Structures are given as structure tokens and as C-alpha cells.
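> Need coordinates for the below:
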Amino acid sequence: MWTPPKFVYQVLILILFGRQSSATKYKFLLENEDIFTDCPNKPSNVHNINGVFDTSEGTFETDFVTVLFTGNLTCVWNIQPGDRIQMTFEIKRFDRGSWQPTVFNINVRDFCSSLYEEEQYWYKYWSKYIINKEQVREKCILPGTKFIHEPFNVDLLFEARGLTLIGRHKLVYTFKAFDTNGVERETSICLEILGEFQRE
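From the prediction side, this is the model:
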């Protein structure tokens with residue numbers, strides 16, 4: 001059996017290291033003090049952030065660079081036990097007067113099963129700070145579920161390899177619920193965060 005020379009392994013390591021080190025870091029600077037914006041041109045059955053969470057026990061504060069959250073969130077979306085929650089996330093770029101899709105998108109078929117997985121980006125930015133996660137883990141985002149948080153800062157940092165994230169963009173989150181027969185529930189959630197990317 002042929003064994004590659006040692007230098008082949010060295011070259012492979014250099015290539016892999018080069019790919020890792022070539023990632024450019026970007027900071028997402030918020031455009032709106034309210035942070036969350038309604039998705040435009042949506043029918044009445046598509047709700048905003050208030051359609052999924054009662055935020056009256058929580059406070060979002062921002063200096064447009066970071067977001068400090070303190071308090072609790074209570075789920076209010078009228079879904080049922082056993083529903084599968086599908087989440088999509090995408091970044092859109094504002095170009096020549098309209099929003100254009102980019103290659104940055106995530107489609108999660110079963111959001112609830114991965115809500116507390118440490119390798120997921122939403123764990124890093126949000127669910128790791130839920131201090132009652134053991135009590136609410138099985139409830140996911142069923143109505144009445146209260147997430148109790150330790151205060152935390154959200155630093156909106158992104159990494160991109162071989163691509164440029166500069167200028168005005170928006171982060172778009174959508175959530176859809178499907179019953180045990182795979183039929184989509186009548187209401188869904190859509191929210192946006194508008195801002196501008198700057199290289200770190």
C-alpha cells in the first residue's frame with residue numbers, strides 16, 4: 001500500500017490552516033433601537049416578535065454595537081405539544097434599491113431538538129443564558145413557557161471565508177409550525193434585524 005510522503009501531509013495541514021485563518025470577521029451594527037423589525041408585505045397570519053414572545057418582563061438595550069438583554073421571555077405562539085418547529089435564517093444585502101439574497105442561510109427542520117445544542121449558533125447567542133433550561137427543555141416554545149435569563153450581551157459577530165460582507169444587510173428569521181401529520185399551522189413568525197456590516 002502506497003504511503004504519501006511526509007511533505008504531502010505538511011502541505012495539507014498548511015492548506016487547512018490557511019482556510020481557517022483566511023476567515024474575515026465582521027461586526028453587525030444595528031440600524032434600529034427597537035432591534036426587531038416586522039417582515040414587510042406579509043399576510044396577517046404571519047406574526048412578529050410579539051407573536052412568539054411576551055417581552056414585557058424583559059429589556060433590550062443597545063448602543064447599536066451590542067445588545068444587553070435582562071429579564072424573562074414568555075412564549076405566546078399558539079402551537080401545540082408535538083408540533084415540529086422549522087426555522088430558517090438568511091442574510092440579505094441591500095443593493096440598487098432592493099433586498100438581494102446571499103449565500104448565508106440556514107434551514108433547521110426541527111428547531112426544538114437542537115435548541116440547547118452547544119454547537120448551534122443560537123446557543124452561543126441566546127439559549128446558553130437560559131438558567132431554567134432543565135425545567136423547560138421539553139416544552140421548547142409552547143405557549144406559557146417562561147425562559148428565565150441571566151443578563152447577557154449579544155455581540156453580533158460573523159465570519160466569512162472568501163466572501164465580503166460590507167454595507168447594509170438584514171438578518172431574517174422565520175418560524176413555521178407543523179402538526180403531527182405534517183400539516184402547517186395557520187400562523188407563523190417572521191422577524192428581521194436591520195443593520196450594516198463592518199470589517200473587524
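> can you give me the strands in this protein?
Under the criterion DSSP state E, the chain carries strands at the ranges 24-30, 36-38, 46-47, 53-54, 58-62, 66-75, 84-95, 98-108, 146-148, 152-155, 157-160, 167-178, 184-199.
> any chance of those in CSV, plus distance to Trp126 and mean pLDDT?
For the C-beta atoms, the positions are set from N, CA and C on the backbone; glycine is no exception. Conversion of these to CSV gives the following (distance: least, C-beta to C-beta, whole Å; pLDDT from 0 to 100):
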stretch, distance to Trp126, mean pLDDT
strand 24-30, 15, 90
strand 36-38, 13, 95
strand 46-47, 19, 97
strand 53-54, 11, 97
strand 58-62, 12, 91
strand 66-75, 8, 94
strand 84-95, 12, 95
strand 98-108, 14, 93
strand 146-148, 9, 97
strand 152-155, 7, 87
strand 157-160, 14, 78
strand 167-178, 12, 96
strand 184-199, 13, 95
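> could I get the ones you listed as CSV with distance to Lys128 and mean neighbour count?
What follows is the strands of the chain, written out as CSV (distance: least, C-beta to C-beta, whole Å; neighbours: other C-beta atoms under 10 Å):
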stretch, distance to Lys128, mean neighbour count
strand 24-30, 19, 17
strand 36-38, 20, 16
strand 46-47, 26, 19
strand 53-54, 18, 18
strand 58-62, 16, 14
strand 66-75, 12, 17
strand 84-95, 17, 17
strand 98-108, 17, 12
strand 146-148, 12, 18
strand 152-155, 8, 14
strand 157-160, 15, 15
strand 167-178, 18, 19
strand 184-199, 19, 18
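> so can I have a markdown table of those showing distance to Asn132?
Supplementary listing: the strands of the chain in a markdown table, determined by distance: least, C-beta to C-beta, whole Å:
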| stretch | distance to Asn132 |
| --- | --- |
| strand 24-30 | 28 |
| strand 36-38 | 23 |
| strand 46-47 | 25 |
| strand 53-54 | 15 |
| strand 58-62 | 14 |
| strand 66-75 | 9 |
| strand 84-95 | 19 |
| strand 98-108 | 23 |
| strand 146-148 | 5 |
| strand 152-155 | 14 |
| strand 157-160 | 27 |
| strand 167-178 | 21 |
| strand 184-199 | 22 |
